[in-house]
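*Asks:* Structure, please.
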Amino acid sequence: MTPLAVVAWQEFRNDLRNRWVLAATGLLAIFALALAFLGGAPAGTTGVGRIDLLVVSLASLSIFLIPLLALLLSYDSIVGEVERGTMLLLLAYPVSRAEIVAGKFLAHLGILLVAVTVGFGSAAAALAFTGDAPGTAEWAAFLRLCITSVALGASFLGLGYLASTMVTERATAAGLALGVWLLLVIVFDLVLLAALVAFGSDIPPAAVEAALMLNPADVFRLANLAVGGNVSEAAGMVGIGAELRLPASALNGVLALWAILPLAGAWLLFRRREV
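*Replies:* Take a look at the predicted model:
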């Protein structure tokens with residue numbers, strides 16, 4: 001095995017035994033199942049498929065829980081190893097700092113993939129076995145949700161690594177990670193909404209669209225709920241989707257950049273860090 005694979009496998013095994021990770025995955029599955037059975041109730045009156053309503057509900061759930069899980073995995077990946085003294089031991093082996101960062105990132109991405117598969121997969125399976133068989137378009141929307149949920153988690157993993165390399169104490173990294181979650185998941189949209197209410201039509205649509213690209217949670221929301229079809233109708237975002245100038249592929253690209261750029265920044269900082 002290559003050093004990259006060894007680092008990734010060891011980190012993956014350790015995180016699978018992490019009780020906080022197991023609790024977060026279980027919580028995601030419980031909420032997803034609850035939304036599958038309770039959130040699908042209006043399907044008969046709206047004319048929208050149950051899977052479409054499930055996608056809308058799970059997208060809202062993902063925006064809160066997936067970033068939190070990603071930051072929980074990544075905030076002490078570097079600074080925690082440095083504090084415990086294990087990073088110095090790890091660097092004594094023939095492994096580069098780039099392989100350490102990439103290996104940990106791949107391991108944590110694998111954990112997110114497992115969490116999304118278990119949580120969302122159980123909800124979709126329960127819904128499929130208790131109702132009419134969903135169509136191809138509905139399953140495509142659900143698959144898009146799963147893939148972009150992992151991509152959303154990857155963007156917050158990158159931000160978590162960046163926080164972990166910027167500070168020298170785990171407690172500081174934890175506080176910084178919590179601040180990132182609060183800012184991007186809760187505060188950002190409140191500030192943007194307040195600006196729209198205060199200034200209204202004075203803000204051009206292009207400026208609003210550009211502002212949304214500054215938040216991976218909003219990019220994720222647009223990629224799943226404003227791309228047209230029954231999902232947009234169920235989410236009440238048909239009008240936003242019609243005015244959105246960026247195609248779905250561009251939104252996916254922006255989400256990918258949100259994962260790559262912070263991770264690259266973390267690697268550059270880690271290269272220059274004394275351990």
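*Asks:* Need the pLDDT of the residue lying farthest from the centre of the chain.
*Replies:* The C-alpha centroid of the chain is most remote from residue 92, which lies 33.1 Å away (C-alpha atoms, centre = their mean). In this model, residue 92 is scored at 88, pLDDT.
*Asks:* okay, the closest residue to residue 59 other than its chain neighbours: pLDDT?
*Replies:* Leaving aside its sequence neighbours, residue 59 sits nearest to residue 224 (C-beta to C-beta, 6 or more residues apart in numbering; 4.7 Å). For every residue, glycine as well, the C-beta is placed using N, CA and C. In this model, residue 224 is scored at 84, pLDDT.
*Asks:* Could you report the neighbour count for residue 224?
*Replies:* For residue 224, the count of nearby residues is 29 (other C-beta atoms under 10 Å).
*Asks:* what's the following helix or strand after the longest helix belonging to the chain?
*Replies:* As assigned by DSSP state H, the longest helix anywhere in the chain is helix 97-130. Elements were assigned by DSSP states H and E; along the chain past helix 97-130, the next helix or strand is helix 136-166.
*Asks:* same for that next one, what does it pack against?
*Replies:* Judged by 3 or more C-beta pairs under 8 Å, 6 or more residues apart in numbering; DSSP states H and E, the packing partners of helix 136-166 are helix 50-74, helix 79-84, helix 97-130, helix 170-181, helix 216-225, helix 229-235, helix 248-271.
*Asks:* again, 6 Å this time
*Replies:* When contacts are defined as 3 or more C-beta pairs under 6 Å, 6 or more residues apart in numbering; DSSP states H and E, helix 136-166 packs onto helix 50-74, helix 97-130, helix 170-181, helix 216-225, helix 248-271.
*Asks:* Is it correct that residue 55 is in contact with residue 141?
*Replies:* Yes. At 5.1 Å, residue 55 and residue 141 qualify as touching, with contact defined as C-beta atoms under 6 Å.
*Asks:* ok, back up a step: okay, the residue farthest from the centre of the chain and residue 155: tell me how far apart.
*Replies:* Applying C-beta to C-beta, to the nearest Å, the value for residue 92 to residue 155 is 32 Å.
*Asks:* returning to what we had before: run a quick check on the residue nearest to residue 59 versus residue 58, I expect a contact.
*Replies:* No. Using C-beta under 6 Å, residue 224 is not in contact with residue 58; the gap is 8.9 Å.
*Asks:* about what we covered before: show me what contacts the residue nearest to residue 59?
*Replies:* Residues counted as contacts of residue 224 (C-beta atoms under 6 Å, 6 or more residues apart in numbering) are 59, 145, 148.
*Asks:* closest to residue 87 among those?
*Replies:* Closest approach between those and residue 87, by C-beta to C-beta: residue 148, at 32.6 Å.
*Asks:* Ok, which of the helices and strands packed on helix 136-166 comes nearest residue 161?
*Replies:* Residue 161 sits nearest to helix 248-271 of all these, at 3.8 Å, using C-beta to C-beta.
*Asks:* If you count contacts, what does that closest one end up packed against?
*Replies:* Here helix 248-271 touches helix 97-130, helix 136-166, helix 216-225, going by 3+ C-beta pairs under 6 Å, 6+ apart.
*Asks:* What separation do you get for the closest residue in space to residue 152 that isn't next to it in sequence and residue 154?
*Replies:* Counting by C-beta to C-beta, 6+ apart, the nearest residue to residue 152 once its immediate chain neighbours are dropped is residue 220, at 4.4 Å. Distance, residue 220 to residue 154, using C-beta to C-beta: 11 Å.
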